[in-house]
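>>> how would this look folded up:
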Amino acid sequence: MRVKSAQGKSNWRAIQARSKIRGKIQLALFILGFIALIYFISWGAEFIHNITQPLGLQSFKKTYFWDGSSSLNMVFKGSEIYFLSLDPNEKKLSIVKLPQQVYVEVPGDYGRWQLRSVYRLGDSEKSPAGPQLLKATLANLFKLPVDGILIFDDSRSFNPQKFVETLKQNPLEIFRLLPSIKTDLTPPELVRFSLGLRSVRFDKISEFDLLSLGLLDVEQNQEGDVKLLADPEKLDGFVFNNLSDSRIQQEGLEVAIFNTTMTSGLGQKAAQIISHLGANVIQVGSIPDQNLEKNLITVKNEKEAGMTLKRLKQIFGKECFDPKICAIISHPTILSSRGQVIVILGKDF
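Next up, the predicted model:
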């Protein structure tokens with residue numbers, strides 16, 4: 001009996017020892033799994049953050065991301081400067097060559113400069129902003145939103161035609177080109193752009209040269225120096241016919257614009273942008289007694305607004321339907337407007 005009792009105690013101790021070892025192993029595995037989970041979550045968060053950041057131009061603050069449903073307007077800067085417009089709905093691409101020596105109005109009280117100097121002008125500031133200034137300048141020239149910029153090393157003999165041909169043959173080539181590109185587009189946007197180009201037939205790619213089209217004025221001073229000047233009025237018809245968003249044109253919504261600030265001319269400036277997008281501006285007025293800080297958009301029927309509303313929100317800001325929150329939308333001038341979409345301009349425009 002004593003022998004059996006001793007053996008029982010020995011077996012019990014062995015079981016207890018094995019149980020403790022299993023407990024320690026389970027605890028160790030739990031700790032390792034928890035550490036792996038934390039690492040995976042942090043890696044995932046970093047990955048999501050990285051794919052939503054511009055490539056090489058982290059100083060850009062993006063206000064919206066291109067999802068492929070609207071036209072994409074983009075600056076292409078290599079040894080020359082081009083304006084690209086991809087319309088994914090019509091599956092067409094427009095490539096506009098801009099003479100580097102043309103004089104353009106540079107936003108920010110810089111005055112008139114040759115286009116080739118704008119990038120360096122922006123980079124000469126304390127906070128270098130060459131890409132931002134070049135985008136703003138071309139947005140001001142064409143009176144269109146500019147959604148992105150692609151910058152190639154000037155030493156590369158890479159033009160939009162070669163770039164487009166490369167991506168049409170193989171959209172994945174964009175990843176091979178990434179080391180030589182600086183852009184404010186995120187990786188998902190670049191992939192959408194590459195796939196969008198793949199669907200564009202070669203006969204749907206249009207190339208334009210502003211100089212050969214006669215859309216620029218030639219001015220000669222008393223010393224005989226010749227200047228090329230961009231004339232916005234001459235560009236209006238060209239932009240509307242070639243760079244408008246086909247989906248917004250098809251919607252054909254009527255837009256009213258009201259300027260609430262004391263700055264004159266803002267309504268007409270907004271009207272040009274909206275018209276160039278393809279919408280129908282039927283009214284431009286002012287309500288100066290309101291003096292809003294921020295732009296506002298309201299619509300009569302949100303279901304009808306579609307792409308027009310989405311694009312205008314990207315440019316001008318938020319929409320509002322509640323008069324308790326946005327009292328101005330119950331203003332008699334707003335209520336009496338026939339516009340299906342109403343853009344109300346504030347100081348931030």
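>>> Helices of the protein, start to end?
With DSSP state H, the ranges of helices along the chain come out as 2-51, 115-123, 130-142, 160-169, 173-177, 187-198, 232-242, 246-251, 266-277, 302-316, 332-335.
>>> Please tell me how far the fourth one is from the chain's geometric centre.
Which is helix 160-169. In terms of C-alpha atoms, centre = their mean, to the nearest Å, the centre of helix 160-169 is set 21 Å apart from its chain centre.
>>> now the stretch 151-300 of the chain, which segments are flagged as low pLDDT?
Within the stretch 151-300 of the chain, the stretches with pLDDT under 70 are 154-157, 221-224.
>>> Run through the residues that contact the most centrally placed residue in the chain.
Nearest to the mean C-alpha position of the chain, counting by C-alpha atoms, centre = their mean, stands residue 147 at 3.1 Å. Contact analysis of residue 147 by C-beta atoms under 8 Å, 6 or more residues apart in numbering lists 66, 72, 73, 74. From N, CA and C alone the C-beta is placed, and that goes for glycine too.
>>> Repeat the analysis, applying 10 Å as the threshold.
Contacts for residue 147 (C-beta atoms under 10 Å, 6 or more residues apart in numbering) come out as 62, 64-66, 70-75, 85-86, 135, 139, 184-185, 189, 193, 314.
>>> separation between it and residue 69?
As defined by C-beta to C-beta, to the nearest Å, residue 147 lies at a distance of 12 Å from residue 69.
>>> swap in residue 140?
Counting by C-beta to C-beta, the gap from residue 140 to residue 69 is 25 Å.
>>> For these two, work out which one has more neighbours and name it.
Applying other C-beta atoms under 10 Å to residue 140 and residue 69 shows that residue 140 carries more neighbours, namely 19 against 14.
>>> What's the ChimeraX syntax to select whichever of the contacts of residue 147 are buried?
The buried residues among the contacts of residue 147 can be selected in ChimeraX (16 or more other C-beta atoms under 10 Å) with this line:
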select :66,70,71,72,73,74,75,85,86,135,139,184,185,189,193
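>>> What is the neighbour count of the residue lying closest to residue 344 once chain neighbours are set aside?
Leaving aside its sequence neighbours, residue 344 sits nearest to residue 296 (C-beta to C-beta, 6 or more residues apart in numbering; 4.3 Å). By other C-beta under 10 Å, 23 other residues sit near residue 296.
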